[in-house]
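# Turn this into a model:
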Amino acid sequence: MHFKLESAHKQTLMHPTGIVLWLRDREGLFPLLQLEGDNDATTAGWLTFASTKRVEVLLVQASVAEWNEGETGVSRVLERVSKELGRADIRAVKLIRVERDRHTHGRSFQVFRATQREPELVYSSLAGDGEAKVDRRQSLAAFHEAGGSVLVHPLVSGSLESSTTGAA
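Take a look at the predicted model:
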């Protein structure tokens, strides 16, 4: 769901939290941060990016103008952050579709509960064209313990710690 982030919102935003999704594409595995929050306002204005060269996820706060531009704004944020950090390895990974179990009609509730499966999330590939699917999920703490890093850009009051100190 997309809604406008109002420019009158002057307070410092606390960062959202999330889990790390390990996605598999034709090139291998890569991490992406899936944001979590109690409501849309918790994650509004925040975007996540992946690195093609590092075991790192990036959490980036978009400006009001960038956020309100939708997909064009995401491209602008990616360009801005890449330039500010002097990096060419940062990529946006988009959710392409959600594959759900379509065979639910006509089944009893007991059969449905016994056979239901979680919807499969299909993302764009980090390698360019193609698709990536969730291989596994990992907590931020476990991601950091395994050597992964989380970079919050720009660093704001109350944000996750920078990549040099790990995740909150």
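
# C-alpha from now on. contacts and neighbour counts both.
Will do.

# Do I have it right that residue 66 meets residue 73?
Yes: under the criterion of Cα atoms under 8 Å, residue 66 makes contact with residue 73 at 4.2 Å.

# Name the helix or strand of the chain that has the lowest mean pLDDT.
Lowest on mean pLDDT, DSSP states H and E among the helices and strands of the chain sits helix 109-115, with a mean of 77.

# for this protein, longest strand please?
strand 128-139 (DSSP state E).

# and that one, average pLDDT?
Rounded to a whole number, the mean pLDDT of strand 128-139 is 94.

# Which strands border it, and is each parallel or antiparallel?
Strand pairing for strand 128-139, using DSSP bridges, gives strand 17-25 (antiparallel), strand 120-125 (antiparallel).

# Indicate which one of these is closest to residue 77.
strand 120-125 (17.7 Å; Cα to Cα).

# which residues in the protein form strands?
With strands called from DSSP E, the chain shows them at 17-25, 28-36, 46-51, 56-61, 90-91, 95-99, 120-125, 128-139, 149-153.

# okay, these in TSV with distance to residue 83 and mean neighbour count next?
What follows is those, written out as TSV (distance: least, Cα to Cα, whole Å; neighbours: other Cα atoms under 10 Å):
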stretch	distance to residue 83	mean neighbour count
strand 17-25	25	20
strand 28-36	20	20
strand 46-51	14	20
strand 56-61	13	24
strand 90-91	10	20
strand 95-99	24	12
strand 120-125	22	18
strand 128-139	20	15
strand 149-153	12	22
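
# Need those in a markdown table (columns: distance to residue 80).
Below are the strands of the chain laid out as a markdown table (distance: least, Cα to Cα, whole Å):
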| stretch | distance to residue 80 |
| --- | --- |
| strand 17-25 | 23 |
| strand 28-36 | 19 |
| strand 46-51 | 13 |
| strand 56-61 | 10 |
| strand 90-91 | 11 |
| strand 95-99 | 21 |
| strand 120-125 | 21 |
| strand 128-139 | 20 |
| strand 149-153 | 11 |
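
# Nearest approach to residue 107 belongs to which of those strands?
strand 95-99 (19.3 Å).

# by contact count, what packs against that closest one?
With contacts taken as 3 or more Cα pairs under 8 Å, 6 or more residues apart in numbering; DSSP states H and E, strand 95-99 sits against strand 120-125.

# What are the contacting residues of the strand it packs on?
25-26, 93-100, 130-134 (Cα atoms under 8 Å, 6 or more residues apart in numbering).
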